[in-house]
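Asker: predicted model and sequence below, questions to follow.
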Amino acid sequence: KKVDILSILMQSSNQKSNMLQSIIGIFLHSSHTPAKVVDTLSQMGLSVLLYLVQSAICSLASKSHEQLTALEQTLLASYAYDNFDVDLKSYIPTVEQSNRSLKHLTSSLVFPL
């Protein structure tokens with residue numbers, strides 16, 4: 001509780017001191033929180049604005065893409081692939097839904113040697 005209060009007070013005095021609010025904003029984005037809730041929390045000082053979260057995610061994605069590209073060019077990387085199936089069952093059947101609830105997915109992992 002003390003860290004939260006201290007972080008909110010620091011953010012209210014200095015707009016660039018928003019580490020906790022950024023982490024909360026990214027968590028809210030990853031859990032598909034509605035935009036109105038994120039806006040309300042940002043007005044309370046508990047989160048950052050939605051466009052800041054989206055720009056942070058774009059920045060993180062571009063940095064990770066650059067690092068993966070650099071790792072691939074060194075030829076010192078190993079690749080691992082895994083195929084898995086997910087059964088997405090619906091509790092409320094509708095006419096529009098197809099009977100195909102089984103999804104076939106592939107995950108991959110790149111790690112340096």
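Answerer: Received the coordinates, thanks. Quick caveat: nothing in here was measured; it's all calculated off a predicted structure.
Asker: list the buried ones in whichever strand or helix holds I24?
Answerer: If you go by DSSP states H and E, I24 is part of helix 19-30. By neighbour count with 16 or more other CB atoms under 10 Å, helix 19-30 contains the buried residues L20, Q21, I24, G25, I26, L28, H29. No exception for glycine: its C-beta is placed from N, CA and C like everyone else's.
Asker: in CSV, list the C-alpha atoms belonging to that helix.
Answerer: The C-alpha coordinates for helix 19-30 follow below in CSV (Å, rounded to 0.1, in the frame of the first residue of the first chain):
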residue,chain,number,x,y,z
MET,A,19,6.9,3.1,-13.6
LEU,A,20,4.1,1.5,-11.4
GLN,A,21,1.4,3.1,-13.5
SER,A,22,3.0,1.8,-16.7
ILE,A,23,3.2,-1.7,-15.3
ILE,A,24,-0.4,-1.6,-14.3
GLY,A,25,-1.4,-0.2,-17.7
ILE,A,26,0.4,-3.0,-19.5
PHE,A,27,-1.3,-5.5,-17.2
LEU,A,28,-4.7,-4.0,-17.9
HIS,A,29,-4.0,-4.1,-21.6
SER,A,30,-3.0,-7.7,-21.5
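Asker: and it, how far from the chain's centre?
Answerer: 9 Å (CA atoms, centre = their mean, to the nearest Å).
Asker: if we can go back for a sec, and which of the buried residues of helix 19-30 is nearest to Q73?
Answerer: Nearest to Q73 out of the buried residues of helix 19-30 is I26 (CB to CB; 29.1 Å).
Asker: ok, the residue nearest to that closest one when sequence neighbours are not counted - how many residues close by?
Answerer: Nearest non-adjacent residue to I26, counting by CB to CB, 6 or more residues apart in numbering: V53, 5.9 Å away. By the criterion of other CB atoms under 10 Å, V53 has 22 neighbours.
Asker: quick check: which element contains V53?
Answerer: helix 50-74.
Asker: which helix or strand contains N83?
Answerer: Per DSSP H and E: strand 77-87 holds N83.
Asker: partner strands of the helix or strand following that strand and their direction?
Answerer: Sequence order places strand 102-112 as the next helix or strand after strand 77-87, per DSSP H and E. Strand 102-112 sits in its sheet next to strand 77-87 (antiparallel), going by DSSP bridges.
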